[in-house]
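J.: Give me a model of this one.
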Amino acid sequence: MGEPSDQDALLSLVCSLTATFLLVGNGQYVLGFFLFSCSMYFLTKLWKPAKVIAPDDFQVLILGAGVSGICMGKKLNDLGIRYTIIEKAPALGGTWWENIYPGAACDVPSHLYSYSFLQNPNWSRAYSHQKEILRYLQDTASRFGIYPHIKFGQRIKENTWNKETNKWTVETKDGVKYVGNVIISGCGGLHVPKFPNFPGMDEFKGEAFHTAQWKPDYDPTDKVVAIIGTGASAVQAVPNLSEMGVKDLTVFQRTPCWSPPRLDFEYPEWAKTMFSMIPMTNTIHRWFYFWRNEFRFRVIFTRGSWITQKMSGGVHAMVRKYIKSIVKNKDLAKKLTPSFDMGCKRITPSDTYLSAFNKENVHLETEKIEKFTYNGILTADGKEHAVDTIIYATGFDLDESAKPFEQIGLNGKMTEDYGDAPIAYLGITHPNHPNFFLLLGPGTGLGHNSIIFMIECQANYACDGIVKMVKSGAKSMVVKPEVLKNYDEFVQENMKGKVFADNTECTGWYRNAKGVNWTLWPLDLVTYWWYTRSCNMSEYFVKH
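T.: Numbering: from 1, shown residues only. Here you go, the predicted structure:
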């Protein structure tokens, strides 16, 4: 993947430092500074965390072998701590293994949607597709020796905390039991498909399936297809389906989405060579995307000052103008333009979604769906749309995704602790669940930047807590209730003034029926990194 080995990094460090001294000695200060920066880069590659001497029976159980589980496995390998990854699927990759619908891709730049410890100089394009991301995750697991730790095909039924032994028992639906000192939940937030509830859904004679459960052998050639929803998966699937020989494709839209240009492109060979030969350029490229997205958060998602409101107004005007310039039919362009601010719902950038509606075989239907019929879909205007296939692009059930299994902690079950607005301290720990760390837990989703940055912050926090627990000889640690209470107040206070704060402008999967946003982190990523840079044990009850 282009990362230097320890031997290569040491040789490069020595060469860079030598060249730096020679250049500076000859007055070449600019080149000297550049090579000194390269020296610091290679020095970071030689910096390894110290191994931890844990008891022989100390075991960590990681739930899920997606982006989160792979990240945690790598970091525990660095520390020398024993672990097992329990994965429900027959292969690793999580959402990038499960979602194979046409056009499945990431809407975060590839160089940013990757691990900091394995920056890939060979991404083929700015926004990589599913297969390339899955291959990257497979390569990461191979490089860092994670595969031998994974138990595939094990769907978890229940986790139970034993107060006497201070250990967790994880039981699968097949009756297999795993016992561990610590549980790391890396199940993710987008893995339970959400289906609509229309009358007559069972009566439809044709094929009907969710984008997250795409049939690998499905062929849309010469078929009349309906796709319900206008979220991220629809924005990616619609233009691709329209190019696959479909006879007619109708998109049933409840509310339009903001789909600004993604500005995707293929990386030329010279750029990939530069990223490989001069790794710091790859890092600088990554930093550019990171800080650009952090700036966008202030411009689009916050309403705290007249400056951000002014800038946000300018951005909205530009995107509205873009929609009008792409969609040829004025009435259609109006229907595809949201009436709410960007960020209230998830922004779904695309270079091809809007232009797909210019094709003769692609249609937009904005009438309310009344029911399914034997032949297709009946809308509120009395029109029956006869179709061969109905595709649900209706997203995921976040509430069910947050509760993928039953878990019994100190007092009661996790489902009872969470209610209809799950919360955890920093999205990582909960007062009723000792030695339990969440990756991508409640309130740590993002609408503007790379979720992998959040995962790494959380994995580092969990590792710091585990190391401190092991070194102190502690048997368990659990966050104090008052710490969680204060954190909840902090989150709600900082949610004010954000475009995604409540249901005032629009409803969406960010929030529950009461308008409580329990899914997103309300601030920028630098702030989250600051709060998770170390695990403060004074915030926890520690049992020895």
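
J.: if I pick the residue nearest the centre of the chain, what's in contact with it?
T.: Centroid check for the chain by CA atoms, centre = their mean gives residue 451 as the closest residue, at 4.4 Å. With contact set as CB atoms under 8 Å, 6 or more residues apart in numbering, residue 451 has these partners: 67, 108, 113, 440, 445. The C-beta positions use only the backbone N, C-alpha and C, and glycine is treated the same way.

J.: who wins for neighbours among those?
T.: When neighbours are counted by other CB atoms under 10 Å, residue 67 leads the contacts of residue 451 with 28 neighbours.

J.: how about that one, what does it touch?
T.: Counting by CB under 8 Å, 6+ apart, residue 67 touches 94, 95, 96, 137, 186, 188, 451, 452, 455.

J.: Buried ones among the residues you listed?
T.: 94, 95, 96, 137, 186, 188, 451, 452, 455 (16 or more other CB atoms under 10 Å).

J.: Confidence-wise, which of those residues comes last?
T.: By pLDDT, residue 188 ranks lowest within the buried ones among the contacts of residue 67, coming in at 86.

J.: Test my guess that it contacts residue 94.
T.: Yes. Here residue 188 lies in contact with residue 94, judged by CB atoms under 8 Å, at a distance of 5.6 Å.

J.: Touching both of those two, which residues are there?
T.: Contacts common to residue 188 and residue 94, judged by CB under 8 Å, 6+ apart, are 64, 66, 67, 68.

J.: Where do the helices of the stretch 1-150 of the chain begin and end?
T.: Counting by DSSP state H, counting those that start in this stretch, the stretch 1-150 of the chain has these helices, from start to end: 6-25, 29-46, 67-79, 95-98, 130-143.

J.: how near is the residue nearest to the centre of the chain to residue 293?
T.: Separation of residue 451 from residue 293 (CB to CB, to the nearest Å): 12 Å.

J.: for residue 439, what are its contacts?
T.: The contact partners of residue 439, by CB under 8 Å, 6+ apart, come to 68, 69, 71, 72, 184, 185, 186, 428, 455, 458, 459, 462.

J.: What is the burial count for the first one?
T.: By that I understand residue 68. Residues lying near residue 68 (other CB under 10 Å) number 28.

J.: wait, it sits on residue 191?
T.: No. Residue 68 sits out of contact with residue 191 when judged by CB under 8 Å, with a separation of 11.2 Å.

J.: which residues do the two both contact?
T.: Shared contacts of residue 68 and residue 191, counting by CB under 8 Å, 6+ apart, come down to residue 94.

J.: ok so, going back, what is the most widely separated pair among the contacts of residue 439?
T.: The most widely separated members of those, counting by CB to CB, are 69 and 428 (15.1 Å).

J.: Looking at these two, which one has more neighbours?
T.: residue 69 (32 against 26).

J.: The closest residue in space to that one that isn't next to it in sequence: what's it in contact with?
T.: In this structure, residue 69 finds its nearest non-sequential neighbour in residue 186, 3.9 Å apart by CB to CB, 6 or more residues apart in numbering. Residues near residue 186 by CB under 8 Å, 6+ apart: 62, 63, 64, 65, 66, 67, 68, 69, 71, 72, 439, 440.

J.: Tell me the one of the contacts of residue 451 nearest residue 337?
T.: If you rank the contacts of residue 451 by distance to residue 337 using CB to CB, residue 108 comes first, at 24.2 Å.

J.: ok now do that closest one, which residues does it touch?
T.: Counted by CB under 8 Å, 6+ apart, residue 108 has contacts 127, 293, 449, 450, 451.

J.: Quickly find the element holding residue 319.
T.: Under the criterion of DSSP states H and E, residue 319 resides in helix 306-326.

J.: Go through that helix and flag the buried ones.
T.: Neighbour counts over helix 306-326 (16+ other CB under 10 Å) mark 308, 311, 312, 316, 319, 323, 326 as buried.

J.: Over to stretch 380-391?
T.: Applying 16+ other CB under 10 Å to stretch 380-391 flags 385, 387, 388, 389, 390, 391 as buried.

J.: Please state the offset of that stretch from the chain centre?
T.: 33 Å (CA atoms, centre = their mean, to the nearest Å).

J.: before we move on, what about stretch 329-348?
T.: On the basis of CA atoms, centre = their mean, stretch 329-348 is displaced by 23 Å from the centre of the chain it belongs to.

J.: Show me what counts as buried in it.
T.: So, applying 16+ other CB under 10 Å, buried residues of stretch 329-348: 332-333, 336-338, 340-348.

J.: Not counting residues beside it along the chain, what's closest to residue 529?
T.: The shortest distance from residue 529 to any residue other than its chain neighbours is 5.4 Å, reached at residue 457 (CB to CB, 6+ apart).

J.: ok now do the one you found, which residues does it touch?
T.: Residues near residue 457 by CB under 8 Å, 6+ apart: 528, 529, 532, 533.

J.: ok, now with 6 Å
T.: Shown in contact with residue 457 (CB atoms under 6 Å, 6 or more residues apart in numbering): 528, 529, 532.

J.: Packing partners of the helix or strand encompassing residue 178?
T.: Under the criterion of DSSP H and E, residue 178 resides in strand 177-180. If contacts are counted by 3 or more CB pairs under 6 Å, 6 or more residues apart in numbering; DSSP states H and E, strand 177-180 sits against strand 60-63, strand 167-172.
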